[in-house]
Structures are given as structure tokens and as C-alpha cells.
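Q: Predicted model and sequence follow; I will ask about them next.
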Amino acid sequence: MASTSENKNLQIHTLETAPEESRPLLEKSLRNYGYIPNLHAVLAGSPNLLQAYQQLHELFTTSSFNAEELTVVWQTINVEHECHYCVPAHTAIAKSMKVSDEIIEALRNKTPLPNPKLEALRQMTLSIVKNRGNVTAEEVQAFYEAGYTERHLLDIILGLSQKIISNYVNHIANTPLDKAFEKYAK
């Protein structure tokens, strides 16, 4: 993963150092995860950004996708963006969601997925990311023929919105991995 070795001076906040408006959001993270993930601690520097990230996460996890499909969208974007934090984090998340190691490793290694429908989702997600949304009619038709719908297509963009926040912030902040994710770093 492309990552610089220096911190670019974005603060990793605690409940004590975070702006007042971020504190309830960090408390929510603490309740949900049992700790405050470093990404959330960095996002806390902007209460609105942390709130947007948390809301997008909740919206995406309740979208039209199942656990495998959520993982395909998240990890396809994380790997393409070379996010040093999110690839290991979403490996841990995928494992907690009982996604198979075969799918997890294929996504991390940019190799075709064993399931043609999931591979169609990976290809559409990758095309949206690489082409900044300028996908062809043929790509959309192939996506629909694989069993997906217009809602799924739009939900990819929802997932991408969440990942742009985390991936870009992690690049700027060089967010250190949380202990829970370290074993999944490459």
C-alpha cells in the first residue's frame, strides 16, 4: 500500500482533545467498537466529517448489499485507492462478517472472484472508481445481466462516498493501524 512514513500533523483525538461537537460521536464509536478507531479519532477534527462518515457507514451497511457484496465494494475501493489503513481494517471487518477467506484474499490481491455475480460487482465498482463514474452502457448492461439492479448501482456510489472520506483522510493523516487490524497489514 502506498503510504508515507510521516504523520502529516492531523491530530488523533481522544474524548478529551476532540472538539466538543465530536465527543458524542466518538462516544458512539466507543460504544459500537469497544474502543475509538484511529480513523474516527482523526475524523473527529471535523465534527461534520465524522458525523458524515458514521452516517454513510450506517446507510451503506443497510443498503441493498449483503455482507459479501459490502466487502466487495469496500475492498475494491480500498485496494484501488491503496489505503494502508482500510485494507487491513476491512479484512478484519470481513472476517467478523463471516466472508470467506477466498473472497477476502482475491479482493486484496486484485484477482478475479470465485463467484461471477460478485466479480461483476467488483468490475462495476472498479470501473466507477477508475473512470470517475463515466461507465459505458455496456458495462451497466453487463452489471444488470449479472443480477444487479439500478439500486445496486446507486448503492455502489454510496459506498464510494464513505470510502473517499476514509481513504483520503488516511492518506493525508497516515493514520496508524489499530491493534485489531495490525495482523492483516501486508
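A: Cool, got the structure. Numbers count the residues shown, from 1 in each chain.

Q: And the helix or strand containing Ile172, what's buried?
A: In the assignment (DSSP states H and E), Ile172 maps to helix 150-173. By neighbour count on 16 or more other CB atoms under 10 Å, the buried set for helix 150-173 is 152-153, 155-156, 158-160, 162-163, 165-167, 169-171, 173. Just so you know, the C-beta spots here come from the backbone N, C-alpha and C atoms, and that holds for glycine as well.

Q: Name the next helix or strand downstream of it, please.
A: Next element after helix 150-173 (DSSP H and E): helix 179-182.

Q: And the contacts of that next one?
A: Contacts with helix 179-182, where a contact means CB atoms under 8 Å, 6 or more residues apart in numbering, come from 35, 85, 88-89, 91-92.

Q: For Asn167, give me its contacts.
A: Taking CB under 8 Å, 6+ apart as the test, what Asn167 contacts is 77-78, 81, 83, 86.

Q: Check Arg151 too.
A: When contacts are counted by CB under 8 Å, 6+ apart, Arg151 touches Ser64.

Q: how much space between it and Gln123?
A: As judged by CB to CB, to the nearest Å, Arg151 and Gln123 stand 18 Å apart.

Q: And Leu43, by the same measure?
A: 30 Å.

Q: next one: Ser22
A: From Ser22 across to Gln123, the span is 37 Å (CB to CB).

Q: Could you check which of these two is surrounded by more residues?
A: Ser22 (24 against 19; other CB atoms under 10 Å).

Q: Just among the contacts of helix 179-182, which is most surrounded?
A: Counting by other CB under 10 Å, top hit in those: Tyr85 with 27 neighbours.

Q: What separation do you get for the residue nearest to that one when sequence neighbours are not counted and Cys83?
A: With CB to CB, 6 or more residues apart in numbering as the criterion, Tyr85 has its nearest non-adjacent residue at 4.2 Å, and that residue is Asn170. Plainly put, Asn170 is 5 Å away from Cys83 if you go by CB to CB.

Q: try Thr71
A: 14 Å.

Q: Which one of these two is surrounded by more residues?
A: Shown here are Thr71 and Cys83; by other CB under 10 Å, Cys83 has more neighbours (26 against 23).

Q: Could I get the pLDDT score of the nearest residue to the more buried one once chain neighbours are set aside?
A: Leaving aside its sequence neighbours, Cys83 sits nearest to Asn167 (CB to CB, 6+ apart; 4.3 Å). pLDDT, Asn167: 98.

Q: That'll do, ta.
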